[in-house]
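Undergrad: How does the following fold in three dimensions:
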Amino acid sequence: MKKIHFAYALLPVAAIALSGCTASPSAADYDKAAADIINNSFQPRGIATMDRLAQDDANRECAAADVAGKPIAEATAKAIEAANMKTVKWPSDGKFLGDWKAGEKIAQSGRGLTWSDKADAANGGNCYNCHQISKEEISFGTLGPSLYNYGKLRGVTDPNAAGSKAIVEYTWGKLWNSRAYNACSQMPRVGHKGILNEAQLKDVMALLLDPASPVNK
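TA: Numbering: from 1, shown residues only. Coordinates of the predicted model:
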């Protein structure tokens, strides 16, 4: 990513200030100036392209609600969740669980998605950055809820049993696109955004739901 001269970065703000001699700048003017500064501060490099700066409807609406200091409108939230639910792709072979040992490695890894990574390199899930998962791991974030005993607490003793279907499908959908269930979720949409592939998602699913996983011991 390139660096820009501080004075150059402030040009949009200076333009607004000068125009203020005749009229006060609006919120839209400030928003545009901020967007211009951000767009002028970055350049595409490797797999890190400019599309990362583009806001989708969910990002835009949730950011506006956050700035306003009030919850997003219920109707808007439901519309965002419905739109994101349509993006969820279920396992191509109908099987939801892979290898929990591989899932643990994915959860531990924060590699990937930087300009120096290759497009075909496997990404990590970086799950421990926000969650407690296994009892053995003592270094974890608390931005998200603890996932220790995730399957056990939900009564998933056999992920293939009919009674476990709802939890298994919810977990897959939440990992694929968290905003299908919470419009303003800050959880990475690891399936929808291509951060993890189907096989990796199955392995993380196994980490959370397999009774043999240390998560459920």
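
Undergrad: Grab the most central residue of the chain for me.
TA: Closest residue to the average C-alpha location of the chain: Pro188 at 1.2 Å, with C-alpha atoms, centre = their mean.

Undergrad: Is that residue located within a strand, as I assumed?
TA: No: Pro188: not assigned to a strand; according to DSSP: H, G, I helix; E, B strand; the rest coil it is coil.

Undergrad: Quick check: pLDDT value at it.
TA: What the model reports as pLDDT for Pro188 is 95.

Undergrad: could you measure it against Pro159, distance?
TA: Using C-beta to C-beta, to the nearest Å, Pro188 is found at 23 Å from Pro159. (Glycine included, C-beta is placed from N, CA and C.)

Undergrad: With Lys32 instead?
TA: For Lys32 relative to Pro159 (C-beta to C-beta), the value is 50 Å.

Undergrad: higher neighbour count, the two?
TA: Pro159 (20 against 14; other C-beta atoms under 10 Å).

Undergrad: how does the chain divide up, domain by domain?
TA: Taking automatic domain parsing as the reference, the chain has its domains at 6-70, 100-216.

Undergrad: And the longest one, how far out from the chain middle?
TA: Just to be clear, that refers to domain 100-216. Averaging C-alpha positions (C-alpha atoms, centre = their mean, to the nearest Å) puts domain 100-216 12 Å from its chain's average.

Undergrad: what's the span of it from first residue to last?
TA: 11 Å (C-alpha to C-alpha, to the nearest Å).

Undergrad: Stretch 55-75 now?
TA: This stretch, stretch 55-75, spans 20 Å end to end (C-alpha to C-alpha).

Undergrad: Quick one: residues in contact with it.
TA: Stretch 55-75 is contacted by residues 76, 80, 83-84, 179, 183-184 when judged by C-beta atoms under 8 Å, 6 or more residues apart in numbering.

Undergrad: Strands - which of these land there?
TA: Secondary structure from DSSP state E places none of those in strands.

Undergrad: got these as CSV, with neighbour count and pLDDT columns?
TA: Shown next, in CSV, are these (neighbours: other C-beta atoms under 10 Å; pLDDT from 0 to 100):
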residue, neighbour count, pLDDT
Thr76, 18, 95
Ile80, 23, 96
Ala83, 16, 96
Asn84, 24, 96
Arg179, 24, 97
Ala183, 25, 96
Cys184, 19, 95
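
Undergrad: Helices - which of these land there?
TA: Per DSSP state H, helices hold the following members of the contacts of stretch 55-75: 76, 80, 83-84.

Undergrad: Looking at those, which one is closest to Gly144?
TA: Gly144 lies nearest to Asn84 out of the ones in helices among the contacts of stretch 55-75, by C-beta to C-beta, at 17.9 Å.

Undergrad: which ones are touching that closest one?
TA: 58, 177, 179-180, 183, 189, 192.

Undergrad: Low-confidence ranges, this structure, go.
TA: Within the chain, the stretches with pLDDT under 70 are 1-22.

Undergrad: if we go to 50?
TA: Applying pLDDT under 50 to the chain flags residues 1-10.

Undergrad: For it, just list every one of the helices.
TA: Secondary structure of the chain by DSSP H: the helices cover 6-9, 11-19, 27-41, 57-68, 74-85, 100-108, 150-153, 165-176, 198-209.
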